[in-house]
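S.K.: just to be clear, the model below is a prediction. Sequence and coordinates:
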Amino acid sequence: MKKALGVAIVLGIIGGGAAFAQNVTTSTSVNPLAGSTNTASKTATAPVAGANSFTESEARNRLEAHGYTNVTGLKKDDKSIWRGQAVKDGTAVNVALDYQGNIVVQ
């Protein structure tokens with residue numbers, strides 16, 4: 001009887017650990033408009049207004065790290081979203097970068 005109880009406890013612990021491991025998630029979001037992988041949390045309503053702590057240089061570097069070149073005209077708008085122009089895959093686009101790091105082509 002004690003052996004069966006011990007086995008049940010061990011199986012319960014193992015099962016609980018497996019259930020916990022299944023709840024751990026990692027997220028890599030893809031912005032279909034930008035055509036690039038965005039490892040920051042992605043919000044469907046991006047760009048999201050909010051207190052943007054990116055400097056102009058950091059905003060430019062993030063865009064370039066996601067394949068944008070010739071980044072120009074970066075200005076923070078009244079919603080703290082960086083907006084400017086860039087080239088992606090040979091096409092000139094208007095881009096926006098929010099405080100979450102989401103890149104949106106507009």
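M.R.: That came through, no problem.
S.K.: this protein: helices as residue ranges?
M.R.: Ranges of helices in the chain, per DSSP state H, are 2-23, 56-65.
S.K.: pick out the shakiest of these, pLDDT-wise.
M.R.: If you rank the helices of the chain by mean pLDDT, helix 2-23 sits at the bottom with a mean of 52.
S.K.: ok, Asp78 to Ala49 distance?
M.R.: When distance is defined by C-beta to C-beta, to the nearest Å, Asp78 is 9 Å away from Ala49. Where you see a C-beta, it was placed from the backbone N, CA and C, and this is true even at glycine.
S.K.: was I right about Lys88 contacting Tyr68?
M.R.: Yes. At 5.2 Å, Lys88 and Tyr68 qualify as touching, with contact defined as C-beta atoms under 8 Å.
S.K.: before we move on, the earlier item: between Asp78 and Ala49, tell me which one has more neighbours.
M.R.: The residue with more neighbours, out of Asp78 and Ala49, is Ala49; 13 against 6, by other C-beta atoms under 10 Å.
S.K.: so what's the backbone phi/psi at the more buried one?
M.R.: When read as degrees, to the nearest 10, the backbone of Ala49 gives phi -70, psi 140.
S.K.: what residues are up against it?
M.R.: Lys79, Ser80, Ile81, Asp98 (C-beta atoms under 8 Å, 6 or more residues apart in numbering).
S.K.: can you do 6 Å?
M.R.: The neighbours of Ala49, taking C-beta atoms under 6 Å, 6 or more residues apart in numbering as the test, are Lys79.
S.K.: same deal with Glu56?
M.R.: Leu74.
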